[in-house]
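S.K.: Quick one: sequence plus predicted model below, questions after.
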Amino acid sequence: MRKKRNIAFLCAFIIILTVILPSCGDSRADAVLHEKDSVYAIAYSESLYKINIKSPQGFIYDVQSDEFVFTKGEEKVVYPGSTTKLLTALFALSVLPADTVVTAGEELDFVKSGSSVAYVKKGHKLTVEMLVQAMLLPSGNDAAYALSAAVGRALKENDELGAHEAVEAFINGVNDYARKIGLCGTNITAPDGYAEEEHFTTTEDMAIIAKLASENEIISRYASMAEANVVYASGQTNTWVNTNLLLAPNSKYYSPRATGLKTGSISGEYSLVFSFSFEDGREYIAGVFGGDAKNTRFSDACAIIDYFEDLVAA
């Protein structure tokens, strides 16, 4: 049902953006990716490279040439799941200093059952930087809500703002931020990405988010980390393991080329946004979305990396 509504949601959102954001395409182009004219109907769907992936949607972006070299399913909206946390982290770090101490509170009640968590509890104190780490390694939805509430209170300049109002302020703020960085097909309704049809993006917008995330020192540091032993500002200790199996040396999907970035899943569909590089300086950012098996995203990623490995060796 959701897949059938892909085009309807995208068309409706385009109409809204056409009315209220007539210059969105220009800001997107100025912000990050400026090679292509259309945000919604990408004219370059004929891939420069013939790569077979099982996921129904995907992209590969060449950082050096500043262009897409592969796209698939770009005519449909993307349901990003936890890859949303890259945007949550970017926005949070644009609002709050990384060393700001956050006390987790009632906003943790919004974390849905079955969520991936970092085991952040009410009353725990963590810095903004550590909450970003908690979102990127174990994909903590609890960390996403704690961080979003802190951002919302900062935006409203009210440390006593209730959890609901604080998260709502964050949602409004992150959607404004999305337009400022040039996202023209994205609508965010939850900081952790655990949401349904109204929470969506596009392959091109995800490339913009991923590129900015890979350029951010804090995000790139933790997105490339396989695991970490951490000590909260309030003294609790924890071990966080990255959900990205490309980074796990004991995984069959491990790739020394991989440098990040984030896994995602929603309603039985699995996604991965990742970056990889070579010794000669070539860098790529890629994403695969909507696979119906948990490890399809990793096998697709390995197929992509291996393809470029062969190109380098040729």
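M.R.: Happy to help now that I have it. Residues are numbered from 1 along each chain as shown.
S.K.: quick one, what contacts the residue nearest to Lys125 when sequence neighbours are not counted?
M.R.: Spatial nearest neighbour of Lys125, chain neighbours left out: Ser234 (3.7 Å); criterion: CB to CB, 6 or more residues apart in numbering. C-beta coordinates here come from the backbone N, C-alpha and C atoms, glycine included. Contact partners of Ser234, counting by CB atoms under 8 Å, 6 or more residues apart in numbering, are Gly123, His124, Lys125, Leu126.
S.K.: how close does Asp310 sit to Ala169?
M.R.: 49 Å (CB to CB, to the nearest Å).
S.K.: Compare neighbour counts for the two and give me the winner.
M.R.: Ala169 (20 against 9; other CB atoms under 10 Å).
S.K.: Could you measure from the nearest residue to the more buried one once chain neighbours are set aside over to Gly281?
M.R.: Distance criterion CB to CB, 6+ apart; nearest residue to Ala169, sequence neighbours excluded, is Gly152 at 3.5 Å. For Gly152, the distance to Gly281 (CB to CB) stands at 40 Å.
S.K.: and the two? which has more neighbours close in?
M.R.: Gly152 (27 against 8).
S.K.: Isn't that one up against Val174?
M.R.: No: Gly152 is beyond contact range of Val174, at 9.7 Å (criterion: CB atoms under 8 Å).
S.K.: low-confidence ranges in the stretch 151-300 of the chain?
M.R.: Judged against pLDDT under 70, the stretch 151-300 of the chain has no low-scoring part.
S.K.: about what we covered before: between all of the contacts of Ser234, which two are separated the most?
M.R.: Gly123 and Leu126 (11.0 Å; CB to CB).
S.K.: helices and strands around the helix or strand where the residue nearest to Ala169 lies, which ones?
M.R.: Assigned by DSSP states H and E, Gly152 belongs to helix 141-156. Counting by 3 or more CB pairs under 8 Å, 6 or more residues apart in numbering; DSSP states H and E, the packing neighbours recorded for helix 141-156 are helix 84-95, strand 101-103, helix 128-136, helix 163-180.
S.K.: List the contacts of the spatially most central residue of the chain.
M.R.: Residue closest to the mean C-alpha point of the chain, counted by CA atoms, centre = their mean, is Thr83 at 3.0 Å. Thr83 makes contact with Gly193, Met206, Ile209, Leu261, Lys262, Thr263, Gly264, Ser271, Leu272, Val273, Gly287, according to CB under 8 Å, 6+ apart.
S.K.: Secondary structure, distance to Val95 and neighbour count for these - can I get that in a markdown table?
M.R.: Output for these, formatted as a markdown table (DSSP: H, G, I helix; E, B strand; the rest coil; distance: CB to CB, whole Å; neighbours: other CB atoms under 10 Å):
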| residue | secondary structure | distance to Val95 | neighbour count |
| --- | --- | --- | --- |
| Gly193 | coil | 19 | 27 |
| Met206 | helix | 22 | 31 |
| Ile209 | helix | 16 | 29 |
| Leu261 | strand | 21 | 28 |
| Lys262 | strand | 20 | 32 |
| Thr263 | strand | 25 | 24 |
| Gly264 | strand | 23 | 27 |
| Ser271 | strand | 26 | 27 |
| Leu272 | strand | 27 | 27 |
| Val273 | strand | 22 | 29 |
| Gly287 | strand | 25 | 30 |
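S.K.: No further questions, thank you.
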